[in-house]
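J.: below is the sequence, then the predicted model.
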Amino acid sequence: MPELPEVETIKLGLQKYLIGHRIEGVDVRLPKIVQGNVKDIEGGKVIAVRRFGKGLVIDLDNDYSIAIHIKLTGQLIYRGPNLRQKVKLSKKVGGSLPNKWTHVIFKLKSQPVRQAQDKKTKVKSATQNSKATDAYLYYNDIRQFGWIRIVESSKLKDLSFFRDLGPEPPVTMSIGVQPLTLELFKKIVNSLNTAIKPLLMDQKRIGGIGNIYANDALFDAEIDPGRKAKSLSDAEIKKLYNSILKVLKIGLREEGASELSFVNALGEEGSYQNHFLVYGREGQKCKRCNGIIKKIILGGRGTYFCPNCQK
DNA sequence: TGATATGTTATCTT
DNA sequence: CAAGATAACATATC
């Protein structure tokens, strides 16, 4: 599912391709996805793209921001002049864009490419300036759970999702929320009597971890997902903390897991799904011992673990 | 055909 | 009030 590594992958793509583009207009095909007034972002230029947990923010130069949560099946796909040649859309996009799952289209104009002109053509700068090209950012969402909110940049913190987001594991260059240090993690884990896995996935306590990485981190740390958080020893907490950072980093390296509909900002798949430690491996052999991976429901979510080596 | 999957939020129960 | 359970959302896929 789209979790920290997946959303970070999209963020990096948008940073690369979207910054400098001006929003010409927004075509909202499914109104329930968008809240706020799209007129507020028309004419605004993209100056930054940020990520908070699993949430994305596109900042404009007119003091408005676009806050986005892709939930389970959202996709943000860029098409425009910054694209390198031959980018093949994944099948998960559902055909050429826009398609029946495209609910919002941001129509953009790229800024003129100044450095592209060489010395000889300096004279042409006037025409060059008028040569901004069209670009598009498509929001696709099969299950329509995601949301896009137009909000004044200064009021982002008022959105409940951002306001209530817990500290997140420090695995990227810059993070928008408080970093989850080992000390902080210890404090959170020690103070709660809930099962450890639902705790890892609780965005209000820890930001960015979802079902895939929670399962894999607990497997890596050899901890039973159903253990009460309070019952973990300091050594186990430390091990789990390191496992969380480890699996998230591998997820980042693999540019996310293309489970369900995840694709990056160019519509390409990630590859962490080829590296799952336990996630989705019900009935298969444990990668560490002879155990058979079992699936249970914890906190209403599918939970995979090896009863033989996760204690 | 019907069960399943899932992140987040809302609502109800304990 | 905290925390757990459950449902709701929507739809492709098995």
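T.: Received the coordinates, thanks. Computed from a predicted structure; not experimentally measured.

J.: residues near the residue in chain A positioned nearest to DNA strand C, how many?
T.: Closest approach between chain A and DNA strand C, counting by C-beta to the nearest atom of the strand: A:T194, at 2.9 Å. (Glycine included, C-beta is placed from N, CA and C.) A:T194 has 14 neighbouring residues, counting by other C-beta atoms under 10 Å.

J.: same check, this time on A:K187
T.: 12.

J.: doesn't it belong to a helix?
T.: Yes: if the criterion is DSSP: H, G, I helix; E, B strand; the rest coil, then A:K187 is within a helix.

J.: and for the longest helix belonging to chain A, what are the contacting residues?
T.: When chain A is parsed with DSSP state H, its longest helix is helix A:234-253. For helix A:234-253, contacts defined as C-beta atoms under 8 Å, 6 or more residues apart in numbering pick out A:3-6, A:8-9, A:169-172, A:182, A:185-186, A:189-190, A:196, A:200, A:208-209, A:212-213, A:216-218, A:220-223, A:232, A:257, A:272, A:275, A:277.

J.: one step back: so what's the residue of chain A closest to DNA strand C up against?
T.: A:228-229.

J.: that one and A:M201, how far apart?
T.: 11 Å (C-beta to C-beta, to the nearest Å).

J.: stretch A:160-174 near DNA strand C anywhere?
T.: No: figure legend: stretch A:160-174 not in contact with DNA strand C (C-beta under 7 Å from any atom of the strand); closest approach 12.2 Å.

J.: what are the contacting residues of that stretch?
T.: A:4, A:8, A:51-53, A:55, A:67, A:69, A:156-157, A:175, A:177-181, A:184, A:188, A:202-209, A:244-245, A:248-249, A:252.

J.: so which residues of the stretch 1-150 of chain A form helices?
T.: Ranges of helices within the stretch 1-150 of chain A are A:4-18, A:125-129, based on DSSP state H, counting those that start in this stretch.

J.: report all helices and strands that the longest one contacts.
T.: Under the contact criterion of 3 or more C-beta pairs under 8 Å, 6 or more residues apart in numbering; DSSP states H and E, helix A:4-18 touches strand A:46-52, strand A:55-60, strand A:74-79, helix A:234-253.

J.: determine which stretch of these is the most buried.
T.: Among the helices and strands packed on helix A:4-18, strand A:74-79 has the highest mean neighbour count (mean count of other C-beta atoms under 10 Å), at a mean of 25.

J.: given it, what are its sheet partners and their directions?
T.: The pairing partners recorded for strand A:74-79 under DSSP bridges are strand A:134-141 (antiparallel).

J.: identify the residues contacting the strand it pairs with?
T.: A:14, A:18, A:21, A:33, A:68, A:70-71, A:73-82, A:93-94, A:97-99, A:101-110, A:146, A:148, A:261.

J.: re the thing from before, ok, the longest helix of chain A near DNA strand B or not?
T.: No: figure legend: helix A:234-253 not in contact with DNA strand B (C-beta under 7 Å from any atom of the strand); closest approach 12.6 Å.

J.: now that helix - C-alpha only, PDB.
T.: Below are the C-alpha coordinates for helix A:234-253, written out as PDB (Å, rounded to 0.1, in the frame of the first residue of the first chain):
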ATOM      1  CA  ASP A 234      14.400  -2.400  25.700                       C
ATOM      2  CA  ALA A 235      16.500  -4.700  23.500                       C
ATOM      3  CA  GLU A 236      13.500  -5.700  21.500                       C
ATOM      4  CA  ILE A 237      12.400  -2.100  21.100                       C
ATOM      5  CA  LYS A 238      15.800  -1.200  19.800                       C
ATOM      6  CA  LYS A 239      15.800  -4.100  17.400                       C
ATOM      7  CA  LEU A 240      12.400  -3.200  16.200                       C
ATOM      8  CA  TYR A 241      13.300   0.400  15.700                       C
ATOM      9  CA  ASN A 242      16.300  -0.600  13.600                       C
ATOM     10  CA  SER A 243      14.200  -3.000  11.600                       C
ATOM     11  CA  ILE A 244      11.700  -0.200  10.900                       C
ATOM     12  CA  LEU A 245      14.400   2.000   9.500                       C
ATOM     13  CA  LYS A 246      15.900  -0.900   7.600                       C
ATOM     14  CA  VAL A 247      12.700  -2.000   5.800                       C
ATOM     15  CA  LEU A 248      11.700   1.600   5.000                       C
ATOM     16  CA  LYS A 249      15.100   2.300   3.500                       C
ATOM     17  CA  ILE A 250      14.900  -0.800   1.400                       C
ATOM     18  CA  GLY A 251      11.400   0.300   0.300                       C
ATOM     19  CA  LEU A 252      12.900   3.700  -0.700                       C
ATOM     20  CA  ARG A 253      15.700   2.100  -2.500                       C
END
